[in-house]
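In: When you get a sec, could you give me coordinates for this:
(2 chains)
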Amino acid sequence: MDFELSDDEAALADGIRSLCRGRFSLDRIRAAEDAGGHVDAGGWTEMADAGVFSLQVPEAAGGIGLGLAAAAVVFEELGRALVPGPLLATHLAAGIVDGAADGKVVVGAVRRPGGPAASATAAPVLVPHLPDLGALVMVGEDELTVADAGELNQIGAVALERSLDPLTPLWRIGRLPAGRRIGGPDEARDWRRRQCVLAGAVLVGLATGAMELAVAYAKQREQFGRPIGSFQAVKHLCADMLVAAETARAAVHAAAVTSDEPDVGDPERSAAGAGLLAAEAALRNGKTSIQVHGGMGFTWEVPAHLYLMRARVLADTIGPLDDLARRVAELY
Amino acid sequence: MDLRYSEAEEAFRLELREWLGQVLPKLPPKPSPLDWPARRAYDTAWQKMLFDAGYAGIDWPVEGGGRAASPVEHLIYLEELETAHAPYVGVNFVGLLHAGPTIVVEGTTEQRARFLPPILRGDEVWCQGFSEPGAGSDLASLRTKAVRDGDEYVVTGQKIWTSHAEVADYCELLVRTGDDDSRHRGITWLAMPMDRPGIDFRPLRTIAGSTEFGELFLDGVRVPVANRIGDENDGWRVTMVTLSFERGTAFVSEVLESMEILRDLRRLAARTGSWSDPEVRRRVGHLGAELDALWALARRNVSQAARTGVPGVGGSVYKLGLSELRQRIGELGMDLIGSAGLSWDDLDGVDGAGPLGNAELVNVWVHGFSRTIAAGTSQIQRNIIAERILGLPKG
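Out: Numbers count the residues shown, from 1 in each chain, chains lettered A, B, ... in the order given. Below is the predicted model of the structure:
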C-alpha cells in the first residue's frame, strides 16, 4: 500500500503542468474570453499529442493504456490551469467515438433525461461548445448514444449570449437528436462513474487553483500595515480552503484507484462521494477566493470568479449534489 | 497510487486477526468508566497480553523494546484492533504514545532500561503534566517552577488536563528551569514519580458528567535529577521529539469507529422510518462521503510517512476535518433519537435504539465538543495549516 503518487504519476502531472504553463497560461486563457470561448485547434492538438485523450485507450488500440488514476492526475492539472473545452467528454469518448483519441474530433457530452416524463420536462437542454463539436455523446440512464456532426448541424440550436463561465459558451436546443446507440446500461453506468471521478479531479484542480490565487494575494496585499494573510480571520479562510481541497483530492484519488481495481473498495460509492466533495470544495474555495480578494474579487479583472464559474459547470455535469450524497447513503 | 496491501502486509494482518479472534473472547467485562482502579487493571492486563504476543510498542524502534512495525503495518494494527472491538490503549496512552517514545530517543541507557520495559508490559502507568491553567494553546508560557537542590529538583506549580493521574505511577512533567520569561528556552522534561509528597490531584467533572482528567497541584515535590530526560532547559526540543513518532496514524481508530457509528445510525433511521426522509439520507451520505475521504487521507498520510520517515503536515488537516465531522455525526444521532436524547439513562426499547442506544448517542454528541479542543484546538490547527503549509505570515 502506497497511496502517494508514483514516480510515473508525478512525472505525468509535471508534464501536463508545464504544457499548461506554456500553452494555457492565465494570460492566454483570459485572452480566449474575447474569442467567445471557441476551442483552440492548436491547443487541442497539443492536448492530444500529450495523450490527454488517449490516456486510457488500450495500447493495442493505439492508446497509452493507463487507468483512471493516471487520468485523475492529468485532469486535476487541467482544472488547476482553467483549461477550457470539452476535454472530459472527449477523453471519455476516446475508443468509443472515432477521432476522439487523436484529437481529430472534439466530442461533447450531455445528459439524456430518462423515463416517460423526460419529454414533458421544461428544463432546457444546453450544449456547451456546440459549433466546435464533431460528435455529441448523450448519456442516458440505460444507454449511450452519439450524434455526429451532420446530425448536430440540423438540430436548430440557438446560441446563448452570455454563459456563466465565459469559457464555456452554451447553445440551447429544443430536443436532443436521436443519435446512434454506442452502449447499453453497463456502458452508461461506467461512463457516469468515470465522469464523476474525473469531473471530481478537475474540481479538485479548480479548488486548488482558487486557493493558490487567494493565498498569493493574502501574502502580498497589505492593510493596517501588514499582509492581510497575517490576520487570523483571513488565515483561517485559507486553511479551510486547503482542508477542503486536500480532503477532496484524497477522495478523488481513492475513487480513481478503486475504479481501476474494484476489489480494494466500492467503486460506485467512492465515485459519488468523491464527486460530491470535490464539487463542494471547488464551489466553496471559488467563493472564498473572491472574498479574500475583497472588492477586487468582485471585478472581472481578477480571475477569482473564473474558478467558481467553471466549478458550477463541472458540478452541473455530475449533480445534483444532494443526489450524489443520497447515492453514498444507499451504498453505505 | 496503490491501495493494495503487499503479501507481507496481508500476512501480518491475518496473523493479528487470528490472535485477536483467540484472545478477545477471553477478556473480562469492561469496568465502569467511573472506577479508575478497575480501569487501570483492565487496560494494563490488555497491555500485558499485547506484550506477551509481541504486539506491545508496535511502532517503537527495536532498541526501545518495540516491534518496529512499518507505518503501513501500524495502520493495519489499528484497523484490525478497531474492527475487532479490542480495548483501547486507555490508561497506557501517555506511556505508550508520549513519554515512552520520548525516552526511547532522548533517554540515557539507564533511563531506557528503567522506564521502557514497565510501560511495554503494562506494569507502570504514566500521566501528562504539560498544560497549565495559564498555559494552554500557548504551552511555552508554562510557569511550574523547578529549583535545583543537590541531586533533586524541587517542583512547585499547577498542571491541568492531567488524565488518569489517580492511577499513574509517573508523570511526564514540563517545568520552568530558566528565567520567568525564557519561554521555550527555559523548559525541562522530568519523569516525576507520583508517590512523592506534595502532589495533590483534584478531578474535574466534564460536561458529560465523567471524570477523565483533573488538576495536579505540586507543592515542593522532590524529583531526582536522574529522572531528567535530556538536558536542563532543553525540554521543549525533547518534547517535540515525540512528534517525530507521529506517522500519520493518530486518530485512525476514530475514523473507523465513526464509520461504524454512521452505519448504526443508518440502521436506526431504517427502523424508525426516518430513512424515507430524503434529507436524512442526504445527511448520512454526506457524512459517509467525508468519512471515506478521511480514511483515504489517513492512508495518504501513512504512505507519506513511510516514504519520508517524517510526519507530514497532513496530520493537522486530518485532525481538523475529523474532529469537526465527528460533531456533526453526534448531531445527526441526536436528531434521529428525538426526545430519547434528553437523558443519559438507557431507554432501551425507546425508538428501538439498537447497537447504539440513546445513552451512547448522547455520549457521542457531548464528547464531540472535546474533540475540537483537545490535542490542539481547531483554531490552532488552522494556524498551523495556514503558516506551515500555506506559508502565510505569523500574526
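In: Might one say that A:A282 is in contact with A:A199?
Out: No - if you go by Cβ atoms under 8 Å, A:A282 and A:A199 don't touch, sitting 9.8 Å apart. C-beta: built from backbone N, CA, C; applies to glycine.
In: Which neighbours do the two have in common?
Out: When contacts are counted by Cβ atoms under 8 Å, 6 or more residues apart in numbering or on different chains, A:A282 and A:A199 are jointly contacted by A:314-315.
In: who has more neighbours, the two?
Out: More neighbours surround A:A282 than the other of A:A282 and A:A199, with 33 against 27 (other Cβ atoms under 10 Å in any protein chain shown).
In: Nearest spatial neighbour of the more buried one, chain-adjacent residues omitted?
Out: Using Cβ to Cβ, 6 or more residues apart in numbering or on different chains and skipping residues adjacent in sequence, the residue nearest A:A282 is A:A311, 3.6 Å away.
In: does that neighbour sit in a helix or strand, and which one?
Out: Secondary-structure element containing A:A311, defined by DSSP states H and E: helix A:304-318.
In: tell me what that helix is packed against?
Out: With contacts defined as 3 or more Cβ pairs under 8 Å, 6 or more residues apart in numbering or on different chains; DSSP states H and E, the secondary structure elements packing on helix A:304-318 are helix A:185-220, helix A:267-292.
In: Just name the most buried of those.
Out: Mean neighbour counts were taken over these using mean count of other Cβ atoms under 10 Å in any protein chain shown, and the top value, a mean of 27, falls to helix A:267-292.
In: wouldn't B:N383 be in contact with A:F231 here?
Out: No - applying Cβ under 8 Å as the test, B:N383 and A:F231 come out as separate, 11.4 Å apart.
In: Might you list the low-confidence residue ranges for the chain?
Out: No chain specified, so I'll use chain A. For chain A, the stretches flagged by pLDDT under 70 are A:115-123.
In: Not quite, go with chain B.
Out: Checking chain B against pLDDT under 70 turns up B:243-246, B:311-312, B:348-355.
In: Share the number of residues neighbouring B:L173, please.
Out: Neighbour number of B:L173 under other Cβ under 10 Å is 28.
In: which non-adjacent residue is nearest it?
Out: The shortest distance from B:L173 to any non-neighbouring residue, by Cβ to Cβ, 6+ apart, is to B:G129 (4.1 Å).
In: check contacts around the one you found.
Out: Each residue near B:G129 by Cβ under 8 Å, 6+ apart is listed here: B:144, B:159, B:162, B:171-174, B:192, B:216, B:218.
In: I'd like the distance between B:A41 and chain A.
Out: Counting by Cβ to the nearest Cβ, to the nearest Å, the separation of B:A41 from chain A is 37 Å.
In: need the contact list for that residue.
Out: If a contact means Cβ under 8 Å, 6+ apart, then B:A41 has B:P31 as its contacts.
In: measure the residue nearest to A:A282 to chain B for me?
Out: With Cβ to the nearest Cβ as the criterion, A:A311 and chain B are 17 Å apart.
In: In this structure that residue contacts A:G205, no?
Out: No - proximity of A:A311 to A:G205 does not meet the contact threshold set by Cβ under 8 Å, at 10.1 Å.
In: What segments of the stretch 201-350 of chain B are helices?
Out: Counting by DSSP state H, counting those that start in this stretch, the stretch 201-350 of chain B forms helices over residues B:235-241, B:252-272, B:278-308, B:314-337, given from the N-terminal end onward.
In: do you know which of those helices lies nearest A:D148?
Out: helix B:278-308 (37.6 Å; Cβ to Cβ).
In: follow-up on the earlier one: neighbour count: B:N383 and A:F231, which is higher?
Out: In terms of neighbours (other Cβ under 10 Å), B:N383 is the more surrounded of B:N383 and A:F231; the figures are 21 against 17.
In: Would you mind measuring from the more buried one to chain A?
Out: Taking Cβ to the nearest Cβ as the criterion, B:N383 is separated from chain A by 7 Å.
In: ok, back up a step: where's the helix holding A:A311 relative to the chain centroid, distance-wise?
Out: If you compare the mean C-alpha spot of helix A:304-318 with that of the full chain, they lie 8 Å apart, counting by Cα atoms, centre = their mean, to the nearest Å.
In: Run through who's touching that helix.
Out: Applying Cβ under 8 Å, 6+ apart, the contact partners of helix A:304-318 are A:29, A:79, A:82, A:88, A:109, A:111, A:128, A:164-168, A:195-196, A:199-200, A:202-203, A:206-207, A:209-210, A:213-214, A:275, A:279, A:282-283, A:285-287, A:289-290, A:293, A:297, A:321, A:324.
In: can you rerun that using 7 Å?
Out: When contacts are taken as Cβ atoms under 7 Å, 6 or more residues apart in numbering or on different chains, the neighbours of helix A:304-318 outside the stretch itself are A:82, A:164-165, A:168, A:195-196, A:199, A:202-203, A:206, A:209-210, A:213, A:275, A:279, A:282-283, A:286-287, A:289-290, A:293, A:297, A:321, A:324.
In: so it versus helix A:185-220, what angle?
Out: Between the axes of helix A:304-318 and helix A:185-220, defined by axes from the mean of the first three to the mean of the last three Cα atoms, to 10 degrees, the angle is 160 degrees.
In: Could you look up the SS state of B:M49?
Out: Secondary structure of B:M49, reduced to three states by DSSP: H, G, I helix; E, B strand; the rest coil: helix.
In: what residues are up against A:A256?
Out: Each residue near A:A256 by Cβ under 7 Å, 6+ apart is listed here: A:68-69, A:72, A:197.
In: Please identify which helix or strand holds it.
Out: Element membership of A:A256, judged by DSSP H and E, is helix A:232-260.
In: Please point out which parts of that helix sit buried.
Out: Neighbour-count burial for helix A:232-260 flags A:234-260 (criterion: 16 or more other Cβ atoms under 10 Å in any protein chain shown).
In: how many neighbours does A:D7 have?
Out: Around A:D7 sit 8 other residues, with neighbours defined as other Cβ under 10 Å.
In: any idea how far it is from chain B?
Out: For A:D7, the distance to chain B under the criterion Cβ to the nearest Cβ works out to 11 Å.
In: same question, A:L276
Out: Using Cβ to the nearest Cβ, one obtains 5 Å as the distance from A:L276 to chain B.
In: Pull the contacting residues for that residue.
Out: If you count contacts by Cβ under 7 Å, 6+ apart, A:L276 has them with A:321, A:324-325, B:289.
In: Around chain A, pick out the residues from the stretch 51-200 of chain B.
Out: Taking Cβ under 7 Å from any Cβ of the partner chain, the part of the stretch 51-200 of chain B that reaches chain A is made up of B:V72.
In: Ramachandran coordinates for A:S25?
Out: phi -60, psi 160 (degrees, to the nearest 10).
In: which residues sit in contact with it?
Out: With contacts taken as Cβ under 7 Å, 6+ apart, A:S25 has no neighbouring residues.
In: Where does the residue in the stretch 51-200 of chain A that chain B sits nearest to sit, in terms of helix or strand?
Out: Residue nearest to chain B within the stretch 51-200 of chain A: A:A69 (5.2 Å; Cβ to the nearest Cβ). Taking DSSP H and E as the definition, one finds A:A69 inside helix A:68-80.
In: before we move on, the earlier item: any idea of the angle the helix holding A:A256 forms with helix B:278-308?
Out: 90 degrees.
In: so helix A:232-260 versus helix A:267-292, what angle?
Out: Orientation note: helix A:232-260 sits at an angle of 160 degrees relative to helix A:267-292 (the same axes, to 10 degrees).
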